[in-house]
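Colleague: quick one, what's the 3D model for this:
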Amino acid sequence: MLERAEELLVTDGVKAEDIVRMVIPEGEAEEELRPVLHSLLSAIQSGSLFGGTQGVMVVDAERFSVAEATLVSDLLAASEPVATVVLVSTGALPVALRPVIKEKGESISLKKMRERDAGDWLATAARRRKVKLGQGAAQALLQRFGSDVAALGQALDQLVGFEGPVTGEVVLGRFRNRPDEPLWLYGDAVTVGDTGEALRRLADFLVHGHPLQLLAFLENDLRRRSLAAAAPDLETLAAWMGMEPRVFAVQKAWKARGRSSESQLQRALDAIARADERMRRDPEETHRITLERLTVAICRWYGGPARRVS
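Modeller: Residues are numbered from 1 along each chain as shown. Presented below is the predicted three-dimensional model:
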């Protein structure tokens, strides 16, 4: 988001050195205006010291208080603003800012980048740097860095000037990073019964996450699968899950219906219960082994061919 914000400012004629970046802190404003807002207002009103266009990037703009948002909105609504302002937000902006954005600017939404998107980005970024990615290199880079394009860019920078094509072996030997991955990547591998991929995703997750998080994820996934197996139709499943039928989680559970038999779901439940008991009892050093064994078993029970369900 920050890269996109800077790109917008540069496109509007702002030089990179003229961009003023400010972060709105967390917490409620104890006064009508916090100190950072005084600095922000000055930056918006001052213009460039060198006669160019002043650019202001406001990060975490969703943290504005009502009074702060109202004041900023009034200032941005001025007929002749002397600065280009980009508000970067990971949540909903205060209501007071919406009218001036609609009138004076535009709202751009960025979807969270997934690995498939990062793969497209990686190919373009490598060509721009004249880095030739050979056999397995792109896959290895995504394995090491996930969808973190900033880290991928830094890795490519280190590979500039490498003689010959960069191979997957080169990447894996040179970079030891493990991405901070969401659990659904592990869940997708388990669902299709890809044991090797699931074990790799497990290893990556455990670098940053806790084993009990993964166990809770499996318990919740099994619950949804069991509800889907028992539900007569999609609408009933959605009601049992307390969601709308169109919600992705409901659709995903319904599509997996019939892929595992009742006996396989029961075996999965028993295995998860035993793993939970063992992990609470045994030393932490053994937790990974327990989860690896559980993963192999779950892949076998979940990843078979779909069964017809009447």
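
Colleague: tell me which residues touch Gly153, please.
Modeller: Ala125 (C-beta atoms under 8 Å, 6 or more residues apart in numbering). Quick note: C-beta positions are derived from backbone N, CA and C, even for glycine.

Colleague: average pLDDT for the helix or strand in which it is found, rounded please.
Modeller: Element membership of Gly153, judged by DSSP states H and E, is helix 149-159. Taken as a whole, helix 149-159 carries a mean pLDDT of 80.

Colleague: next, count neighbours for Ala67.
Modeller: 16 (other C-beta atoms under 10 Å).

Colleague: so how far is the helix or strand harbouring it off the chain centroid?
Modeller: Assigned by DSSP H and E, Ala67 belongs to helix 66-76. With C-alpha atoms, centre = their mean, to the nearest Å as the basis, helix 66-76 stands 30 Å off its chain's centre.

Colleague: now stretch 191-209
Modeller: Using C-alpha atoms, centre = their mean, the offset of stretch 191-209 from its chain centre is 17 Å.

Colleague: likewise for stretch 11-31?
Modeller: On C-alpha atoms, centre = their mean, the centre of stretch 11-31 falls 23 Å from that of its chain.

Colleague: mean confidence for it?
Modeller: Mean predicted lDDT for stretch 11-31 stands at 71.

Colleague: can I get it in PDB, CA atoms only?
Modeller: The C-alpha trace of stretch 11-31 is given here as PDB (Å, rounded to 0.1, in the frame of the first residue of the first chain):
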ATOM      1  CA  THR A  11       2.500  10.500 -10.800                       C
ATOM      2  CA  ASP A  12       0.900  13.700  -9.600                       C
ATOM      3  CA  GLY A  13       4.200  15.500 -10.000                       C
ATOM      4  CA  VAL A  14       5.600  15.200  -6.500                       C
ATOM      5  CA  LYS A  15       9.300  14.500  -6.200                       C
ATOM      6  CA  ALA A  16      10.200  11.600  -3.900                       C
ATOM      7  CA  GLU A  17      12.300  14.000  -1.700                       C
ATOM      8  CA  ASP A  18       9.200  16.200  -1.200                       C
ATOM      9  CA  ILE A  19       7.000  13.500   0.200                       C
ATOM     10  CA  VAL A  20       6.200  14.000   3.900                       C
ATOM     11  CA  ARG A  21       5.200  10.800   5.500                       C
ATOM     12  CA  MET A  22       3.300  10.800   8.800                       C
ATOM     13  CA  VAL A  23       1.900   7.900  10.900                       C
ATOM     14  CA  ILE A  24      -1.300   8.500  12.900                       C
ATOM     15  CA  PRO A  25      -0.700   6.800  16.300                       C
ATOM     16  CA  GLU A  26      -3.000   4.400  18.000                       C
ATOM     17  CA  GLY A  27      -5.200   5.400  20.900                       C
ATOM     18  CA  GLU A  28      -7.900   8.000  21.600                       C
ATOM     19  CA  ALA A  29      -7.000  11.600  21.400                       C
ATOM     20  CA  GLU A  30      -6.800  13.100  24.900                       C
ATOM     21  CA  GLU A  31      -6.900  16.600  23.400                       C
END
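
Colleague: so what's the spatially closest residue to Ala69 that is not a sequence neighbour up against?
Modeller: Excluding its sequence neighbours, the residue lying closest to Ala69 (C-beta to C-beta, 6 or more residues apart in numbering) is Pro94, at 3.6 Å. Counting by C-beta under 8 Å, 6+ apart, Pro94 touches 62, 64-66, 69.

Colleague: how about Arg225?
Modeller: With C-beta under 8 Å, 6+ apart, Arg225 has these contacts: 253, 256-257, 260, 265, 302.

Colleague: could the residues you listed be laid out in TSV, adding pLDDT, secondary structure and distance to Glu7?
Modeller: Below are the contacts of Arg225 laid out as TSV (pLDDT from 0 to 100; DSSP: H, G, I helix; E, B strand; the rest coil; distance: C-beta to C-beta, whole Å):
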residue	pLDDT	secondary structure	distance to Glu7
Ala253	86	helix	39
Ala256	82	coil	40
Arg257	82	coil	44
Ser260	80	coil	46
Leu265	88	helix	49
Tyr302	85	helix	42
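
Colleague: could those go into JSON lines alongside distance to Glu26 and neighbour count?
Modeller: Formatted as JSON lines, the contacts of Arg225 follow (distance: C-beta to C-beta, whole Å; neighbours: other C-beta atoms under 10 Å):
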{"residue": "Ala253", "distance to Glu26": "35", "neighbour count": "25"}
{"residue": "Ala256", "distance to Glu26": "39", "neighbour count": "17"}
{"residue": "Arg257", "distance to Glu26": "42", "neighbour count": "19"}
{"residue": "Ser260", "distance to Glu26": "44", "neighbour count": "25"}
{"residue": "Leu265", "distance to Glu26": "43", "neighbour count": "19"}
{"residue": "Tyr302", "distance to Glu26": "40", "neighbour count": "22"}
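
Colleague: for those, which one is nearest Asn220?
Modeller: For these, the residue nearest Asn220 by C-beta to C-beta is Ala253; the value is 10.5 Å.
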